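K.L.:
When you get a sec, could you give me coordinates for this:
(4 chains)
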There are 2 protein chains.
Amino acid sequence: MRRDSRLSGVLHVLLHMAQQPGPFTSETLAKAMDTNPVVIRRIMAGLRELGYVRSEKGHGGGWTLACDLSKVTLRDVYAALGSPALLAMGNRTEAPGCLVEQAVNAALDQAFSDAEALLLSRLGEVTLAMLSEDFRKRLGSRKHHGMHAHGA
Amino acid sequence: MRRDSRLSGVLHVLLHMAQQPGPFTSETLAKAMDTNPVVIRRIMAGLRELGYVRSEKGHGGGWTLACDLSKVTLRDVYAALGSPALLAMGNRTEAPGCLVEQAVNAALDQAFSDAEALLLSRLGEVTLAMLSEDFRKRLGSRKHHGMHAHGA
DNA sequence: GCGATATGTAACATATCAAGTTACATGAGA
DNA sequence: TCTCATGTAACTTGATATGTTACATATCGC
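P.N.:
Below is the predicted model:
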């Protein structure tokens, strides 16, 4: 199944923004992400509604971080995207009349909801500040080898 | 994202088969599942290769259970389907040169693999025999209310 | 052997959805 | 007012689960 990479993408954007202050245009961010400005605006829309970022039009406009990175978790970002489905699998039918299917659904639902709960919990343990810190650590160790932050 | 219901579907088929001995034609099973015989053959193909079911052609042919239901777990059935993706989300790019993306991927991968491991573990704890037992329990309690096993 | 029945499988159709693209409206600053 | 930027609708594209048709192959009963 095709996998949704919006969470990965929006985190990438946020972390890039965390490295310098200025507002970033959608086009700048899109170039860094190798995608389209409209896609950036789309995935940022939810974040703006929750107040994690701000956007301004016109000259000198663009996107700005508007939150305490140590207070926002990956789970918050996930929620800002509209909480899309976490699991690639689901039941064939919900609320089936067939008792066989009810038994199957009950077993699968148990396993599925456990996994979802764990994933959400893990995402809730990681803040954007922690990610940013990890990035800087990686940057430091790579610099010692004379390489760039970006590459093919 | 569209959710994969093959696991749910194939479990449904197997449990139906567990209720009576005879071979079942793809058409019979398809009717019970409200789908197409070809779809049944497709999802059963992997199970046959692993020896969980047998198929025979011609008169009196069809699908037969060929395993000890108490020895086959939902995880085994999942594997028989080819182990399709469990999670609906993934990284934007694997092995990125961008250090920001590396940091993002590392965090997400951790959470993702934890959730996948838990899900697989849970699926591994449930056998087809347990599901069949649960079904029979449901059947018993519904019978007391004068209802059928199937219904809209 | 022959016809009926069943699986096996390729090929094609359909539906859904993330992602990409185009077009245009709106608003802010120089 | 002109330029730059976001906001958003509409459309295109690609991937994939699912559904369907068609036909080949194997097996049973006569």
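K.L.:
And the residue of chain A found nearest DNA strand C, how close does it get to B:C67?
P.N.:
The nearest approach of chain A to DNA strand C comes at A:G58, 2.8 Å away (CB to the nearest atom of the strand). For glycine as for every other residue, the C-beta is placed from the backbone atoms N, C-alpha and C. Look at A:G58 and B:C67: by CB to CB, to the nearest Å, they are 68 Å apart.
K.L.:
From the neighbour counts alone, determine which of the two ranks first.
P.N.:
Neighbour count, other CB atoms under 10 Å in any protein chain shown: between A:G58 and B:C67, B:C67 has more, with 16 against 6.
K.L.:
wait, is that one part of a helix?
P.N.:
No - B:C67: not assigned to a helix; according to DSSP: H, G, I helix; E, B strand; the rest coil it is coil.
K.L.:
gap between the closest residue to it other than its chain neighbours and B:M89?
P.N.:
Sequence neighbours aside, B:Y52 is the residue nearest to B:C67 in space, at 4.6 Å (criterion: CB to CB, 6 or more residues apart in numbering or on different chains). To B:M89, B:Y52 is 30 Å away according to CB to CB.
K.L.:
what do you get for A:F24?
P.N.:
Counting by CB to CB - A:F24 and B:M89 are separated by 24 Å.
K.L.:
do A:N105 as well
P.N.:
23 Å.
K.L.:
Count the neighbours of A:G90 for me.
P.N.:
20.
K.L.:
And A:A88, what's its pLDDT?
P.N.:
For A:A88, the pLDDT comes out at 96.
K.L.:
Surely it touches B:G90?
P.N.:
No - using CB atoms under 8 Å, A:A88 is not in contact with B:G90, being 9.5 Å away.
K.L.:
Give me the common contacts of these two.
P.N.:
A:R3 (CB atoms under 8 Å, 6 or more residues apart in numbering or on different chains).
K.L.:
which parts of chain A sit against DNA strand D?
P.N.:
Residues of chain A found near DNA strand D (CB under 7 Å from any atom of the strand) are A:1-2, A:24-27, A:37-38, A:41-42, A:44-45, A:48, A:55-63, A:92.
K.L.:
Of all the residues in the biggest helix by length in chain A, which ones are buried?
P.N.:
As assigned by DSSP state H, the longest helix anywhere in chain A is helix A:99-125. Residues of helix A:99-125 classed as buried: A:99-105, A:107-108, A:111-112, A:115-116, A:118-120, A:122-123 (neighbour count, 16 or more other CB atoms under 10 Å in any protein chain shown).
K.L.:
pLDDT below threshold where in chain A?
P.N.:
Within chain A, the segments meeting pLDDT under 70 span A:142-152.
K.L.:
Please tell me how far the residue nearest to the spatial centre of it sits from chain B.
P.N.:
Nearest residue to the geometric centre of chain A (CA atoms, centre = their mean): A:L7, 2.5 Å. Distance, A:L7 to chain B, by CB to the nearest CB, to the nearest Å: 6 Å.
K.L.:
Not counting the host helix or strand of that residue itself, show me its contacts.
P.N.:
Taking DSSP states H and E as the definition, A:L7 sits inside helix A:6-17. Applying CB under 8 Å, 6+ apart, the contact partners of helix A:6-17 are A:24, A:29, A:32-33, A:35, A:39-40, A:43-44, A:47, A:52-53, A:63-65, A:74, A:77-78, A:80-81, A:84, A:128, A:131-132, A:135, B:89-92, B:98, B:100-101, B:103-105, B:107-108.
K.L.:
Stretch A:61-71 now?
P.N.:
Applying CB under 8 Å, 6+ apart, the set of residues contacting stretch A:61-71 from outside is A:14, A:17-18, A:22-26, A:28-29, A:40, A:44, A:51-56, A:127-130, A:132.
K.L.:
so how far is that stretch off the chain centroid?
P.N.:
Centre-to-centre, stretch A:61-71 and its host chain are 14 Å apart (CA atoms, centre = their mean, to the nearest Å).
K.L.:
what's the span of it from first residue to last?
P.N.:
Between the opening and closing residues of stretch A:61-71 there is a gap of 25 Å (CA to CA, to the nearest Å).
K.L.:
just stretch A:18-25 next, same as before
P.N.:
14 Å.
K.L.:
Next, the buried residues of it.
P.N.:
A:A18, A:P23, A:F24, A:T25.
K.L.:
Also stretch A:69-78?
P.N.:
By 16+ other CB under 10 Å, the buried positions in stretch A:69-78 come out as A:L69, A:V72, A:T73, A:L74, A:R75, A:D76, A:V77, A:Y78.
K.L.:
out of everything not next to it in sequence, what's closest to the second one?
P.N.:
The one in question is A:V72. Nearest non-adjacent residue to A:V72 (CB to CB, 6+ apart): A:L128, at 5.0 Å.
K.L.:
burial measure for that neighbour, as a count.
P.N.:
A:L128 has 25 neighbours, counted by other CB under 10 Å.
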